[in-house]
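Peer 1: sequence-free structure coming up:
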């Protein structure tokens with residue numbers, strides 16, 4: 001049975017649930033396309049202020065479906081290249097989406113499932129969740145931006161261990177390394193992610209979009225370029241109606257109400 005991406009809402013948060021429990025929510029082209037479509041719609045919906053991505057049935061995502069990959073070996077190379085393009089379009093759409101995206105991880109986050117979690121702005125993981133870049137265990141190399149994300153966040157020897165040896169790493173260790181924002185009891189990842197989303201939803205969405213853009217651009221910018229970018233965002237946000245509301249609410253000691 002092909003996997004699906006279920007879409008529900010919790011207040012101002014869109015919840016996208018990977019649904020392919022027979023294969024631990026393994027990914028495929030239909031999920032990639034649905035993910036891009038869901039984010040495109042959410043970007044233009046002012047009632048949606050954040051997104052949570054989670055998995056059905058006790059696991060986040062086992063990565064690619066090996067049965068499908070084995071079948072693709074009998075087809076022209078372009079078939080698999082197009083499939084990876086679909087995954088990469090979804091990863092890129094998460095990174096450039098102007099609203100916060102939170103991964104709520106239970107159980108396994110393997111291969112492209114690990115890459116998917118790394119593409120999100122925040123990771124909330126159950127303390128028994130296991131992350132693994134399993135590619136080398138089946139004679140494959142990474143996709144989904146996993147090598148990019150890990151190389152920018154961790155020391156090279158640890159990245160080499162994770163990618164070359166396919167070593168499993170638990171949520172508590174990733175939390176200590178700074179790749180997991182919150183490590184919670186098993187079964188609580190989604191509820192904790194929704195609490196985090198509520199915190200983010202209460203902040204000015206234009207400011208969160210600015211911060212995400214600044215974070216995304218910072219690694220490639222010189223200090224001078226980043227200072228220029230910060231100046232531009234600051235001035236625009238100060239003169240945005242939410243800037244006036246935020247300052248007034250602080251001075252008046254009341255909760256702000258942002259557009």
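Peer 2: Here it is on my side, so go on. Owing to the predicted nature of the structure, the values given are computational and were not obtained by experimental measurement.
Peer 1: give me the residues contacting the helix or strand hosting residue 196.
Peer 2: Assignment of secondary structure by DSSP states H and E places residue 196 within helix 189-201. Identification of contacts with helix 189-201 by CB atoms under 8 Å, 6 or more residues apart in numbering yields 10-13, 15, 49-50, 52, 54, 100, 102-106, 122, 124-126, 129, 181-182, 184, 208. C-beta here means a position set from N, CA and C on the backbone, and glycine is covered the same way.
Peer 1: just the buried residues of that helix, please?
Peer 2: Along helix 189-201, these residues count as buried under the neighbour rule (16 or more other CB atoms under 10 Å): 189, 190, 192, 193, 194, 196, 197, 200, 201.
Peer 1: can you give me how far the helix or strand where residue 88 lies is from the chain middle?
Peer 2: Under the assignment given by DSSP H and E, the secondary-structure element containing residue 88 is helix 77-96. Distance of helix 77-96 from the chain centroid (CA atoms, centre = their mean, to the nearest Å) equals 15 Å.
Peer 1: buried sites along it?
Peer 2: When neighbours are counted by 16+ other CB under 10 Å, the buried residues of helix 77-96 are found to be 80, 83, 86, 87, 90, 91, 93, 94, 95.
Peer 1: same question, stretch 201-218
Peer 2: Those would be 201, 203, 204, 205, 206, 207, 208, 209, 210, 212, for stretch 201-218 by 16+ other CB under 10 Å.
Peer 1: which residues touch the helix or strand containing the last one?
Peer 2: Yep, that's residue 212 we're talking about. If you go by DSSP H and E, residue 212 is part of helix 205-217. The list of residues contacting helix 205-217 from outside it, by CB under 8 Å, 6+ apart, reads 46, 49, 95-100, 121, 200, 226, 229-230, 233, 236-237, 240, 242, 258-259.
Peer 1: buried only: go through those for me.
Peer 2: Neighbour counting with 16+ other CB under 10 Å marks 49, 95, 97, 99-100, 121, 200, 229, 233, 237, 240, 242, 258 as buried within the contacts of helix 205-217.
Peer 1: with respect to residue 170, which of those residues is nearest?
Peer 2: When those are compared for distance to residue 170, the smallest value, 21.5 Å, is given by residue 121; criterion: CB to CB.
Peer 1: so who does that closest one touch?
Peer 2: Residues counted as contacts of residue 121 (CB under 8 Å, 6+ apart) are 100, 101, 102, 212.
Peer 1: likewise for residue 188?
Peer 2: With contact taken as CB under 8 Å, 6+ apart, residue 188 is in contact with residue 126.
Peer 1: pretty sure residue 59 sits against residue 128.
Peer 2: No: with contact taken as CB atoms under 8 Å, residue 59 and residue 128 are classed as non-touching, separated by 11.2 Å.
Peer 1: which one of those two is surrounded by more residues?
Peer 2: Counting neighbours by other CB atoms under 10 Å for residue 59 and for residue 128 shows that residue 59 has the greater number, 23 against 14.
Peer 1: for residue 118, see how far away residue 152 is.
Peer 2: 10 Å (CB to CB, to the nearest Å).
Peer 1: and residue 174, by the same measure?
Peer 2: Relative to residue 118, and taking CB to CB, residue 174 is found at 10 Å.
Peer 1: didn't residue 242 look like it was pressed against residue 258?
Peer 2: Yes: applying CB under 8 Å as the test, residue 242 and residue 258 come out as touching, 4.8 Å apart.
Peer 1: give the intersection of the neighbour lists for those two.
Peer 2: Residues touching both residue 242 and residue 258 (CB under 8 Å, 6+ apart): 204, 205.
Peer 1: look at residue 2 and report its pLDDT.
Peer 2: Reading off the confidence values, residue 2 has pLDDT 67.
Peer 1: distance from the chain centre to stretch 190-201, please.
Peer 2: With CA atoms, centre = their mean as the basis, stretch 190-201 stands 14 Å off its chain's centre.
Peer 1: tell me the domain ranges of this protein?
Peer 2: 4-201, 205-251 (automatic domain parsing).
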